[in-house]
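>>> Pasting a predicted model and its sequence here:
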Amino acid sequence: MSEARTITTAEVAALLRVPGPHDDKYSRGVVGMITGSTRYPGAAVLGVEAALRTGVGMVRYLGPARAADLVLQRRPEAVTAEGRVQAWVLGSGMDAGAASVEEGPDAESAGRMRAALASGHPLVIDAGALDAVGSARGPAIITPHARELCRLTGSDLDAVLADPASAARAAADQLGVTVLLKGHATHVVAPGGPMLVARSATPWLATAGAGDALAGILGALVATHEAAGPVDLAHLARLGAAAAVVHGLAAQRASAGGPLTVLDVCAAVPATIAALLRSR
Ligand SMILES: NC(=O)C1=CN([C@@H]2O[C@H](COP(=O)(O)OP(=O)(O)OC[C@H]3O[C@@H](n4cnc5c(N)ncnc54)[C@H](O)[C@@H]3O)[C@@H](O)[C@H]2O)[C@@H](O)CC1
Ligand SMILES: Nc1ncnc2c1ncn2[C@@H]1O[C@H](COP(=O)(O)OP(=O)(O)O)[C@@H](O)[C@H]1O
């Protein structure tokens, strides 16, 4: 078994960047999101909502037209034009192989995804972008669930579920990226680094779209840190664990012991962050 340590709320609070009087939308960080597809446009809405609720200077949304329309209906503050970006979120709400699509309504966002992978900026790689991890030039954190991890590494599902910490560590070493393995407990590890575990989630969070929101929270945290100086794989591991704790605590707030929707979780993120900041 791989040794694992639960990240504390004090550590998470210390990782939250608070804007100061001299900040502007660019110095706070811009997260670029190429998420959602013609088939799964809702994932784009959830990720953008989560990123904005986490606090970031700008969300630049560059997915397919149908998803962009829905994002703008929900969040007119999202910017859908190309421009400066400090960190990317790729692949939520896309089918495997999304970066290789060359025809149809999702081809333009596939091209943008290939450019983001080659940009050297930090990357949050989710769902349909996972199989493109080998083309990531910048530091990357991948966010698979157990079955996605198996698809990526060829490991056995029962073995991953029995020892997620070892599976996450082996994947990080094999792929040379930081791995955030989702589940009731979420395991996060950089190649050769310490294993961090987030244990704040409630089982009510096991609902479609919850992972899309996690990717948005994480993308916002990465962009706000990258705006202050380059993040590396070890830094991405701490931010990944922090994002999972914020996600889980927001879910506890949204649930209050009962069912939740993913937009409820997103709506609970600002109060969750405010409570963490009061505790530091
Ligand atoms: N509103 C939306 O637009 C939504 C879009 N979604 C997108 O839908 C696409 C497909 O996602 P799926 O994860 O369903 O597809 P997958 O094809 O990756 O998963 C389907 C298979 O994986 C298994 N599986 C799922 N979660 C697991 C876990 N935690 N442990 C072990 N096995 C697990 C399922 O039993 C099933 O056999 C993704 O791009 C995703 O981002 C989902 O996020 C749901 C919401
Ligand atoms: N039993 C559970 N208890 C707590 N959290 C869970 C549980 N099952 C899943 N989650 C969380 O819910 C999210 C599901 O993400 P994912 O599998 O990508 O689903 P989707 O693709 O539908 O968004 C992850 O953040 C995961 O950690």
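Great, that's in hand. None of these values were measured; they are calculated from a predicted model. Ligands and ions are numbered 1, 2, ... in the order given.
>>> What distance separates the opening and closing residues of stretch 189-202?
Stretch 189-202 has an end-to-end distance of 22 Å (C-alpha to C-alpha, to the nearest Å).
>>> Can it be said to contact ligand 1?
No: counting by C-beta under 6 Å from any ligand atom, ligand 1 is not contacted by stretch 189-202; separation bottoms out at 11.7 Å. C-beta: built from backbone N, CA, C; applies to glycine.
>>> ok, is that stretch in contact with ligand 2 or not?
Yes: using C-beta under 6 Å from any ligand atom, we find that stretch 189-202 touches ligand 2 at 201-202.
>>> Which positions in that stretch come out as buried?
Neighbour-count burial for stretch 189-202 flags 189-191, 193, 195-198, 200-202 (criterion: 16 or more other C-beta atoms under 10 Å).
>>> model confidence over it, on average?
Summarised as a single mean, pLDDT over stretch 189-202 is 98.
>>> In strands, which of the buried residues of stretch 189-202 fall?
When strands are assigned by DSSP state E, the members of the buried residues of stretch 189-202 inside them are 189, 195-198.
>>> now, which of those residues sits nearest ligand 2?
Compare each of those with ligand 2 using C-beta to the nearest ligand atom and the shortest gap goes to Ala198, at 8.2 Å.
>>> Of the buried residues of stretch 189-202, which pair is most distant in space?
Pro191 and Thr202 (30.5 Å; C-beta to C-beta).
>>> And the closest residue to Gly93 other than its chain neighbours, which helix or strand is it part of?
Counting by C-beta to C-beta, 6 or more residues apart in numbering, the nearest residue to Gly93 once its immediate chain neighbours are dropped is Ala43, at 2.4 Å. Under the criterion DSSP states H and E, the helix or strand holding Ala43 is helix 42-54.
>>> May I see the buried residues of stretch 271-280?
Residues of stretch 271-280 classed as buried by neighbour count (16+ other C-beta under 10 Å): 272-273, 276.
>>> hmm, the helix holding Ala43 touching ligand 1?
Yes: under the criterion of C-beta under 6 Å from any ligand atom, ligand 1 is reached by helix 42-54 at 42-43.
>>> sorry, back to before: I'd like the buried residues of stretch 189-202 as CSV, with distance to Ala4 appended.
Formatted as CSV, the entries for these read as follows, by distance: C-beta to C-beta, whole Å:
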residue, distance to Ala4
Val189, 8
Ala190, 14
Pro191, 16
Gly193, 12
Met195, 4
Leu196, 7
Val197, 5
Ala198, 11
Ser200, 15
Ala201, 15
Thr202, 20
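>>> Out of those, the closest to ligand 1 would be?
Checking the buried residues of stretch 189-202 one by one against ligand 1 (C-beta to the nearest ligand atom), the nearest turns out to be Ala201, at 11.7 Å.
>>> Which of the three states applies to the nearest residue to Pro105 once chain neighbours are set aside?
In space, Pro105 comes closest to Thr38 once its chain neighbours are excluded; the distance is 4.8 Å by C-beta to C-beta, 6+ apart. At Thr38, secondary structure determined by DSSP: H, G, I helix; E, B strand; the rest coil is coil.
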